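Trainee: Take this sequence and fold it.
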Amino acid sequence: MSKYTDYGTPAKVADKTITLEIDGTQITVPEGTSIMHAAMVGGVTVPKLCATDSLDPYGSCRLCLVEVEGRRGFPASCTTPVAEGIKVKTQTPKLAELRKGVMELYISDHPLDCLTCATNGDCELQDMAGAVGLREVRYGYDGENHLKSEKDTSNPYFQFDPSKCIVCSRCVRACEEVQGTFALTIQGRGFDSKVASGTENFLESECVSCGACVQACPTATLIEKSVIQHGVPEHSVTTTCAYCGVGCSFDAEMKGEQVVRMVPSKHGGANHGHSCVKGRFAWGYATHKDRITKPMIRKSIHDAWTEVSWDEAINYAASEIKRIQAKYGTESIGGITS
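Mentor: Purely as a prediction, here's the structure:
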């Protein structure tokens with residue numbers, strides 16, 4: 001239920017700008033920008049599954065194909081940079097046919113349990129099936145598939161269900177590019193390709209449970225156990241992690257007053273959409289009965305804590321800082337966060 005626009009590929013910064021035409025609209029973007037990102041800047045959405053703007057373009061899903069006037073074939077818009085004066089079409093009968101065929105192949109090896117799936121209503125695969133107009137799967141389920149693959153529930157915070165994996169590599173890339181742990185890889189080739197942690201399960205692997213892979217996954221393959229238990233959240237509140245002094249921003253995704261999951265805020269100035277295991281998953285303190293929710297002050301360590309208003313607490317702290325500085329000098333005050 002992300003409230004942020006996903007431009008598909010990271011934004012580029014360049015002194016030179018490029019002007020191109022996408023679906024009849026002139027769009028100007030920095031040099032090096034992908035066609036997909038340029039299209040989103042111009043308000044044109046291109047279907048995608050393996051692309052997201054927190055990761056480098058990969059070009060494996062082949063759903064974001066476009067037509068470029070004067071060029072052969074159907075290039076992937078996520079890996080194709082803009083060029084001066086080119087004319088791009090994102091919707092044509094041929095592109096519609098190709099995208100529908102690609103989606104049919106994905107769905108032919110994917111469980112049809114959307115109504116009981118934990119990400120029902122919050123699934124990119126589901127969204128893209130609707131976007132391309134998929135109405136049937138001609139290939140059936142009689143052949144070999146991965147539908148009976150065993151779930152890995154060893155991690156205390158999230159579940160890995162390989163039967164729903166589309167091998168887009170977003171989790172592998174997030175572990176590499178965002179977290180830098182390199183705990184995941186794609187094992188095997190062709191039909192045998194699968195996400196692997198290098199050990200028997202996630203818990204025994206090098207995984208540090210940062211949640212970057214869960215956040216990147218476009219299906220229910222990697223999903224928080226809290227979402228499985230409580231369902232998809234319906235609204236979010238931006239807050240700050242209460243653990244250390246970094247000040248990571250989070251979107252507390254909720255149902256009513258119940259926190260379902262914590263998602264690192266994409267525009268967080270301190271964390272830029274990433275977090276550690278504590279901020280991402282260990283948020284039980286947020287609703288703990290012993291949590292202090294009102295400011296308290298005391299004038300001496302021998303006094304009891306007294307609940308006060310925020311204005312009173314801030315004014316008291318400010319007056320004490322000024323008093324100490326007046327008595328001992330301006331360099332007598334220091335600050336520490338933890």
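Trainee: from here on, contacts and neighbour counts on C-alpha atoms
Mentor: Fine.
Trainee: Pull out the buried residues from stretch 46-61.
Mentor: Buried residues in stretch 46-61, counted by 16 or more other C-alpha atoms under 10 Å: 46-52, 54-61.
Trainee: actually stretch 127-145, sorry about that
Mentor: Across stretch 127-145, burial judged by 16+ other C-alpha under 10 Å covers D127, M128, A129, A131, V132, L134.
Trainee: so which of those comes closest to M262?
Mentor: Nearest to M262, judged by C-alpha to C-alpha, of the buried residues of stretch 127-145 is D127 at 22.5 Å.
Trainee: Secondary structure element holding that closest one?
Mentor: D127 is part of helix 124-131, with elements assigned from DSSP states H and E.
Trainee: After that helix, which helix or strand is next?
Mentor: strand 158-160.
Trainee: pLDDT on that following strand, on average?
Mentor: For strand 158-160, mean pLDDT is 97.
Trainee: for stretch 280-295, same thing?
Mentor: Mean predicted confidence for stretch 280-295 is 88.
Trainee: For V167, which non-adjacent residue is closest in space?
Mentor: Ranked by C-alpha to C-alpha, 6 or more residues apart in numbering and with sequence neighbours excluded, the top spatial neighbour of V167 is K194, at 6.3 Å.
Trainee: and if you look at K164?
Mentor: T221 (5.2 Å).
Trainee: now do N120
Mentor: C114 (5.7 Å).
Trainee: pLDDT weak spots in this structure?
Mentor: The chain contains residues with pLDDT under 70 at 1, 337-338.
Trainee: picking up where we left off before, can you tell me how far the residue nearest to V167 is from C165?
Mentor: For K194, the distance to C165 equals 8 Å [C-alpha to C-alpha, to the nearest Å].
Trainee: Between those two, point out the one with more neighbours.
Mentor: Using other C-alpha atoms under 10 Å, the more surrounded residue of K194 and C165 is C165, with 24 against 20.
Trainee: so how far is H267 from the closest residue to that one other than its chain neighbours?
Mentor: Using C-alpha to C-alpha, 6+ apart and skipping the chain neighbours, the partner closest in space to C165 is T221 (5.4 Å). Distance check for T221 against H267: by C-alpha to C-alpha, it reads 25 Å.
Trainee: Those two: who's more crowded?
Mentor: In this view T221 and H267 are compared by other C-alpha under 10 Å, and T221 has more residues nearby, 23 against 12.
Trainee: I'd say the more buried one and T153 touch.
Mentor: No: T221 lies out of contact with T153 (C-alpha atoms under 8 Å); the separation is 11.4 Å.
Trainee: Can you pull the residues that touch both of these two?
Mentor: Common contacts of T221 and T153, defined by C-alpha atoms under 8 Å, 6 or more residues apart in numbering, comprise Q159, F160.
Trainee: by contact count, what packs against the strand or helix carrying L98?
Mentor: According to DSSP H and E, L98 maps onto helix 93-107. Helices and strands touching helix 93-107, by 3 or more C-alpha pairs under 8 Å, 6 or more residues apart in numbering; DSSP states H and E: there are none.
Trainee: So for that helix, what gets flagged as buried?
Mentor: Across helix 93-107, burial judged by 16+ other C-alpha under 10 Å covers L95, A96, L98, R99, K100, G101, V102, M103, E104, Y106, I107.
Trainee: wait, isn't the last one in contact with E136?
Mentor: What it means is I107. No: the criterion here is C-alpha under 8 Å, and I107 misses it with E136 at 9.4 Å.
Trainee: quick one: the helices in the protein?
Mentor: Along the chain, counting by DSSP state H, helices occupy 35-41, 93-107, 124-131, 170-173, 212-216, 225-230, 277-281, 310-328.
Trainee: thinking again about what came up before, just the residues contacting the helix holding D127, thanks.
Mentor: Applying C-alpha under 8 Å, 6+ apart, the contact partners of helix 124-131 are P47, K48, L49, M103, N120, P218, T219.
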